[in-house]
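Undergrad: Turn this into a model:
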Amino acid sequence: MKSRVYVVFLLLVGSVAAQLDTGSVLGRVRVRVDFVNGVCDLSTHVTLMGRSGPVAEGVANEQCEVEFVNIPAGTYHLNVSGRNLADTDNVITPSAGSTDFEVKIRRANDADRAGGAPGGPSVSAVELAIPLRAQKEFDRANELIGKQEFSKAIQSLNRAIAIYPAYAGAYNNLGVIYARLGDRAQEREALQKALSINDHFAPAYVNVGRLNIAAGDFSGAETALNRAAAFDPTDAMTLVLLTYTEFMSRHIDQAIATSRKAHTLPGSHAFAHQVAARAFEQKRDGANAIAELEQFLKEEPEGSRADVARKELAALQAIPN
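TA: Numbering: from 1, shown residues only. As a prediction, this is how the structure comes out:
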């Protein structure tokens, strides 16, 4: 089984929250994860994100499917955990007439990245020298993370680190587990340790950025996400998060430029258009703000964010030229 370095992508409160229809409950909702390379990793973890946080979580079976039971009808964001995923911000709207969904996921080519392919994240010498025993503990921890057996996963990762203290990926995954457990202090400590070992390790920078966003430290998040984007410019979701932090830091022109970079990469990342629209509004550029909102609605026509976008679009269109 291939090693996995996890990145937890923050679904931005208020902007990305799903609108649930609690009056209708669906007995079964099925999500099939379709990897472009055709190989399913049985530790693939899918989370249905609702307005107040995770609604349901599951791990892929042998058919690479995740089933959820007794799910309220409504609009959800799918968070697919894994390494270097090009499209992790997917939206589904389960209803009585639609309960089966497919999400396409592209993973980076491990061989290319290990060889230092242009534009790929750096792999340090210490990462290439990982002993087999440490690697096995790391892989075991990934299986346990997929099963949400976090205490046992922590034990496996600590054993991997005891065998190989320079294991940046193990520290990163410890940070992800502590994030899921709500232990922010240990999360930050683990991520900082990962970066002290490998200061070119993009996943850890993304996780530090996500942690800083949650803490309201947008300047710190912007710094971390800029580094992540520099070391792995192929990850669109990093750019989506960076667009948001730049806007919140009042770096309006940078937010617009970053949103455009995000949309040159594979995947539909509508949220970047919504942020760009607000950036253009700050510049009093109504025409471009309208264009961004219209594109957003093409990519994400349903849900609470779409409702907000339609109101903003109507307000802009009502302004006399």
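Undergrad: Flag the shaky bits of the stretch 51-200 of the chain, pLDDT-wise.
TA: For the stretch 51-200 of the chain, applying pLDDT under 70 flags the ranges 51-54, 81-90, 96-97, 105-128.
Undergrad: Which residue ranges of it form strands?
TA: Applying DSSP state E, counting those that start in this stretch to the stretch 51-200 of the chain gives strands spanning 53-59, 65-74, 76-81, 90-92, 100-105.
Undergrad: Which one, of those, ends up nearest to His269?
TA: Ranking those by proximity to His269 (CB to CB) places strand 90-92 first, at 10.1 Å. In this view, the C-beta of every residue, glycine as well, is placed from N, C-alpha and C.
Undergrad: Quick check on Ile319: phi, psi?
TA: When quoted as degrees, to the nearest 10, the phi and psi of Ile319 stand at phi -80, psi 130.
Undergrad: With mean neighbour count and distance to Arg278 added, can I get the strands of the stretch 51-200 of the chain in a markdown table?
TA: Shown next, in a markdown table, are the strands of the stretch 51-200 of the chain (neighbours: other CB atoms under 10 Å; distance: least, CB to CB, whole Å):
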| stretch | mean neighbour count | distance to Arg278 |
| --- | --- | --- |
| strand 53-59 | 16 | 24 |
| strand 65-74 | 18 | 25 |
| strand 76-81 | 22 | 19 |
| strand 90-92 | 22 | 19 |
| strand 100-105 | 16 | 27 |
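Undergrad: Would you mind giving those as a markdown table with distance to Arg180 added?
TA: Rendered in a markdown table, the data for those read as follows (distance: least, CB to CB, whole Å):
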| stretch | distance to Arg180 |
| --- | --- |
| strand 53-59 | 9 |
| strand 65-74 | 17 |
| strand 76-81 | 10 |
| strand 90-92 | 20 |
| strand 100-105 | 20 |
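Undergrad: number of nearby residues for Asn142?
TA: Number of residues near Asn142 (other CB atoms under 10 Å) recorded here: 26.
Undergrad: wouldn't it be in contact with Asn173 here?
TA: Yes - between Asn142 and Asn173 there is a contact under CB atoms under 8 Å: 7.4 Å.
Undergrad: Tell me where this protein has helices.
TA: 110-114, 125-128, 132-146, 150-163, 168-181, 184-197, 202-214, 218-231, 236-248, 252-262, 270-282, 286-299, 304-317 (DSSP state H).
Undergrad: tell me which residues in stretch 211-225 are buried?
TA: Under the neighbour-count criterion of 16 or more other CB atoms under 10 Å, stretch 211-225 has Leu211, Asn212, Ile213, Ala214, Asp217, Phe218, Gly220, Ala221, Glu222, Thr223, Ala224, Leu225 buried.
Undergrad: Nothing else from me, thank you.
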